[in-house]
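Visitor: Fold the following for me, if possible:
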Amino acid sequence: MKYSFFGTCLNDYEQFFGCLDTILDQSVLPKEIILINSGEKDIRQEILERFKNKHISLVYIFKKLSRVKALNLAIEKSTSEYSFRFDSRARFSKYYAENSLNILNDQYIDAAVVGGSPTAISDKDTFISLLCSEIMNRNYIFFYPKHRDIKYSGYSSSIYLGCFNTNVLKAIKFNEKVSLLSEDSLIISDFRDKGFKAYLSSNIKISYLSRSSFFNLLKLFNSYGYCRANTILLTKKIFISPRHFFVFFSFLIISIIISLLSLKLLIFFPMTLLLINFYGEIKYFRKLNKIYIPFYATLCQFSWIIGFLWSLITIFKKKEIHSNFIS
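Guide: Predicted coordinates for the structure are as follows:
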């Protein structure tokens with residue numbers, strides 16, 4: 001079974017080489033690695049030096065493109081039956097590819113794309129850096145999505161990065177709309193609309209480097225919210241999964257009840273979020289719970305809400321964002 005790794009980078013070369021090392025350490029090596037470098041530095045020779053005696057082809061394109069256009073260009077270059085996406089921050093376990101290939105070829109699962117729930121890791125041993133990774137590992141902050149539960153195995157509405165059947169991926173591709181989009185969720189939604197299944201397995205182990213600055217984490221959540229709104233506007237799908245409907249309906253009811261009592265009581269909406277986060281921290285992290293995390297988590301959630309609302313408010317703006325790279 002031959003497969004390719006494909007992905008992009010944008011000046012985050014140190015992180016990319018960390019990812020590359022985990023790709024080159026796979027129990028089953030890829031046929032080729034496809035990289036679209038949209039940054040400032042040509043790193044082709046440095047990549048080849050790391051290949052050593054491994055029989056892997058390098059498809060390297062040094063060109064400034066938005067992330068989704070770069071991904072689609074990489075897809076076009078794939079000559080393998082399966083194509084696995086990577087990100088500079090991603091770190092793959094040794095058996096990531098082998099386990100993914102086994103599941104892609106499992107006739108009882110019959111999935112065109114598979115993946116694993118990622119674990120956030122810190123690249124620095126500092127309080128803030130560890131805090132950022134801990135926040136990203138709290139799935140209650142995201143209201144319990146399946147694709148953030150490392151113990152979950154089953155079909156999903158979103159997969160981080162993903163391992164694809166190449167022919168299907170080439171037929172569907174990533175949406176190239178200019179505005180920032182949630183491309184992971186959108187590509188899986190497009191797969192499902194075409195009748196293909198997406199499967200998450202707890203045996204597919206993957207991690208990623210979390211942001212090491214809380215300010216950057218807030219910006220990331222803001223971008224997540226902005227992307228989610230843009231994806232809704234593009235697809236005309238308010239609820240990609242039942243979880244979205246449940247979360248929306250729950251907070252709508254809470255907001256209506258509070259506003260009917262008194263508009264002044266809307267100030268208690270942040271307190272409601274905070275209490276929900278406290279519940280999640282105590283219930284799901286009993287042995288490892290850290291009482292300060294819900295406070296930081298609530299700030300991140302509000303940053304998401306602001307990004308979501310800003311996208312809706314500026315829907316008619318003339319100037320659009322011309323990059324899908326999120327800082």
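
Visitor: C-alpha only now, for contacts and for neighbours.
Guide: Fine.

Visitor: Whatever helix or strand residue 33 lives in - contacts with which helices or strands?
Guide: Assessed by DSSP states H and E, residue 33 sits inside strand 32-37. With contacts taken as 3 or more C-alpha pairs under 8 Å, 6 or more residues apart in numbering; DSSP states H and E, strand 32-37 sits against strand 3-9, strand 57-62, helix 67-77.

Visitor: angle of it against helix 67-77?
Guide: 150 degrees (axes from the mean of the first three to the mean of the last three C-alpha atoms, to 10 degrees).

Visitor: what element comes up after strand 32-37 heading to the C-terminus?
Guide: Next in sequence after strand 32-37, counting helices and strands by DSSP H and E, comes helix 44-51.

Visitor: Please look at residue 229 and residue 311 and confirm they touch.
Guide: Yes - at 6.1 Å, residue 229 and residue 311 qualify as touching, with contact defined as C-alpha atoms under 8 Å.

Visitor: how many neighbours does residue 35 have?
Guide: 23 (other C-alpha atoms under 10 Å).

Visitor: And residue 186, by the same measure?
Guide: Neighbour tally, residue 186, other C-alpha under 10 Å: 22.

Visitor: roughly how far apart are it and residue 76?
Guide: Counting by C-alpha to C-alpha, to the nearest Å, the gap between residue 186 and residue 76 amounts to 19 Å.

Visitor: on that earlier part again, any chance of the helices and strands packed on strand 32-37 in a markdown table, plus mean neighbour count?
Guide: Output for these, formatted as a markdown table (neighbours: other C-alpha atoms under 10 Å):
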| stretch | mean neighbour count |
| --- | --- |
| strand 3-9 | 24 |
| strand 57-62 | 16 |
| helix 67-77 | 21 |
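
Visitor: Now the host helix or strand of residue 170: average pLDDT?
Guide: Remark: residue 170 resides in helix 166-172, with elements defined by DSSP H and E. Helix 166-172 shows a mean pLDDT of 92.

Visitor: other SSEs contacting the helix or strand where residue 18 lies?
Guide: Using DSSP H and E, residue 18 sits in helix 13-23. Helix 13-23 makes packing contacts with strand 90-92 when contacts are defined by 3+ C-alpha pairs under 8 Å, 6+ apart.
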